[in-house]
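Participant: Sequence below, structure please.
(one chain, ligands or ions: 1)
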Amino acid sequence: MKYYLKCICCSSEYASSYNRQICSKCNGILEVFYEGKFSDVRAKGTDFWAYEKFLPKCQYVHFKIGGTGLIKSKESNNLFLKLETENPTKSFKDRGTVIEIGKALEYKYKEVVCASTGNMAYSVAHYASLSGIKATVFISDDANPDKIKLISGVEGTEILPVKGDFVMAQQKAMEYTKRMNGEAFLVGDYCYRKEGQKTLAYELADQMQDMTHVIIPVGNATLISAVFKAFKELQTTKKLKRLPKIIAVQAKDCSPLVKAFNSSQRIEYQMPKTKADAIAVGFPGYGEQAMQALRETKGSAVTVTDSEMQKEQKSFNNTYGRVAELAGVASMAAYRKIKFSESDKVVAVISGGNV
Ligand SMILES: [Zn+2]
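Facilitator: Below you'll find the predicted structure:
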């Protein structure tokens, strides 16, 4: 679809030919606004590209991603699992990456730059490499060593370790992109990624009717805000009769969003202390949008401990014969802490499986 960009901080507008994801006036985050209507968001195919006409207009490379399974839980009648671990780099990140890489190619960049806790860098490195462009990734020096190994195995990737957490890595990536002076494209948790990640919600709406709740692990809160945006679009098409309640889950010792939402305060930085590295983000960039998603859908926000996620990870592996990382099963651990009724239809997003 044709679109334009608008800064969520200062409201400056940009045409789709604007080749950055950050506002040039205030460095704010941009948002994609479509010129067309979401008339009938329905799969025309079985994978991610089934929804291409609802994505930002671009000549994409049609990598085989998305179309991930939704299975009924073996333990609870009202629980369904959305298996994002089935994506090529084993996390939902691929959905956003292919949009960003498509745009990088359109704008003729030869290098993409991102900050990551691991999964995003792996995904960006993978598709940059397949597209013949360099990926420079900033990643905390105490990130999961298995993930760093995975990323360093991708051709054409440079890893720049950062002393500090994801928020620090994000700052470094931004500074580096500035120094590159138009020669590198900053990707990561920005507007194009968010658009790609909406397809998870489109798929859910095609895979089941009347879902009542969706539980989403929250790191930088891009996925939760993407799902909310998609639900609102689906509501305008009458495909969703009512907005499913969105439930945010964070690790107990890295839960700035949960704290803010449950105390009706502003989001404040919290130094991440969790083994669930994929959601170890001390200040969610899309936090305000996530708060809006929770308020408007009458959702809720809960925390889970590392040991609850570890227990869940084992039981997920035993029950389904599948591998998920700690953040990947945070949604299932959260499910056990909330009282649902028998008639509810709850989706737990199993977000990643890089362990
Ligand atoms: Zn701005």
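Participant: can you pull the contacts of residue 230?
Facilitator: 198-202 (C-beta atoms under 8 Å, 6 or more residues apart in numbering). Glycine gets a C-beta too; all of them are placed from N, C-alpha and C.
Participant: CA atoms only for stretch 177-191, dumped as PDB, please.
Facilitator: Provided in PDB are the C-alpha atoms of stretch 177-191 (Å, rounded to 0.1, in the frame of the first residue of the first chain):
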ATOM      1  CA  THR A 177      24.900   5.600  11.600                       C
ATOM      2  CA  LYS A 178      25.300   9.300  12.000                       C
ATOM      3  CA  ARG A 179      29.100   9.000  11.500                       C
ATOM      4  CA  MET A 180      28.500   7.000   8.300                       C
ATOM      5  CA  ASN A 181      26.700  10.100   6.900                       C
ATOM      6  CA  GLY A 182      24.100   8.500   4.700                       C
ATOM      7  CA  GLU A 183      26.100   5.400   3.800                       C
ATOM      8  CA  ALA A 184      24.400   3.100   6.300                       C
ATOM      9  CA  PHE A 185      20.700   2.300   7.000                       C
ATOM     10  CA  LEU A 186      19.700   2.200  10.700                       C
ATOM     11  CA  VAL A 187      17.400  -0.800  11.200                       C
ATOM     12  CA  GLY A 188      15.900  -2.400  14.300                       C
ATOM     13  CA  ASP A 189      13.000  -1.500  16.400                       C
ATOM     14  CA  TYR A 190      11.600   1.200  14.000                       C
ATOM     15  CA  CYS A 191       8.700   1.800  11.800                       C
END
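Participant: Save the contacts of residue 230 as JSON lines, and put in secondary structure, distance to residue 102 and pLDDT too.
Facilitator: Compiled in JSON lines, the contacts of residue 230 are given as follows (DSSP: H, G, I helix; E, B strand; the rest coil; distance: C-beta to C-beta, whole Å; pLDDT from 0 to 100):
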{"residue": "198", "secondary structure": "helix", "distance to residue 102": "15", "pLDDT": "97"}
{"residue": "199", "secondary structure": "helix", "distance to residue 102": "13", "pLDDT": "97"}
{"residue": "200", "secondary structure": "helix", "distance to residue 102": "18", "pLDDT": "98"}
{"residue": "201", "secondary structure": "helix", "distance to residue 102": "20", "pLDDT": "97"}
{"residue": "202", "secondary structure": "helix", "distance to residue 102": "17", "pLDDT": "95"}
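Participant: right, and out of the residues you listed, which lies closest to the ion?
Facilitator: Here the nearest of the contacts of residue 230 to the ion, counting by C-beta to the ion, is residue 198; it sits at 22.4 Å.
Participant: any idea whether residue 250 is helix, strand or coil?
Facilitator: Here residue 250 takes the strand state, with states given by DSSP: H, G, I helix; E, B strand; the rest coil.
Participant: where's it relative to the ion, distance?
Facilitator: Going from residue 250 to the ion by C-beta to the ion, to the nearest Å gives 28 Å.
Participant: cool, residue 186 as well?
Facilitator: From residue 186 to the ion the distance is 15 Å (C-beta to the ion).
Participant: For that residue, the count of nearby residues, please.
Facilitator: Close neighbours of residue 186, defined as other C-beta atoms under 10 Å, add up to 22.
Participant: check contacts around the closest residue to it other than its chain neighbours.
Facilitator: Once flanking residues are discounted, residue 186 sits nearest to residue 177: 4.2 Å by C-beta to C-beta, 6 or more residues apart in numbering. When contacts are counted by C-beta under 8 Å, 6+ apart, residue 177 touches 113, 184-186.
Participant: do that again at 10 Å, thanks
Facilitator: 20-22, 111-114, 136, 183-187 (C-beta atoms under 10 Å, 6 or more residues apart in numbering).
Participant: ok, so of those, who is nearest the ion?
Facilitator: Taking C-beta to the ion as the measure, the ion lies nearest residue 22 of the contacts of residue 177, at 8.4 Å.
Participant: That closest one touches residue 28, doesn't it?
Facilitator: Yes - using C-beta atoms under 10 Å, residue 22 is in contact with residue 28, at 7.2 Å.
Participant: tell me, what's touching these two both at once?
Facilitator: residue 7.
Participant: Would you map the helices across the stretch 51-200 of the chain?
Facilitator: Here the stretch 51-200 of the chain has its helices, by DSSP state H, counting those that start in this stretch, at 93-106, 119-130, 145-152, 166-179, 191-207.
Participant: So what touches the shortest one?
Facilitator: Outside of helix 145-152, the residues within contact range by C-beta under 10 Å, 6+ apart are 89-90, 116-126, 135, 137, 139-141, 143-144, 157-159, 161, 277-278, 325, 352, 354-355.
Participant: just the angle between it and helix 119-130, please?
Facilitator: Computed by axes from the mean of the first three to the mean of the last three C-alpha atoms, to 10 degrees, the angle separating helix 145-152 from helix 119-130 equals 20 degrees.
Participant: Also the longest one?
Facilitator: Using the same axes, to 10 degrees, the direction of helix 191-207 lies 100 degrees away from that of helix 119-130.
Participant: how far out from the middle of the chain is helix 191-207?
Facilitator: Centroid separation between helix 191-207 and its chain, computed with C-alpha atoms, centre = their mean, to the nearest Å, is 9 Å.
Participant: Could you do the shortest one as well?
Facilitator: Averaging C-alpha coordinates over helix 145-152 and over its chain gives two centres that are 20 Å apart (C-alpha atoms, centre = their mean).
Participant: Tell me which residues touch the closest residue to residue 134 other than its chain neighbours, please.
Facilitator: Leaving aside its sequence neighbours, residue 134 sits nearest to residue 111 (C-beta to C-beta, 6+ apart; 4.3 Å). If you count contacts by C-beta under 10 Å, 6+ apart, residue 111 has them with 104, 128, 133-136, 156, 158, 177, 180, 183-185.
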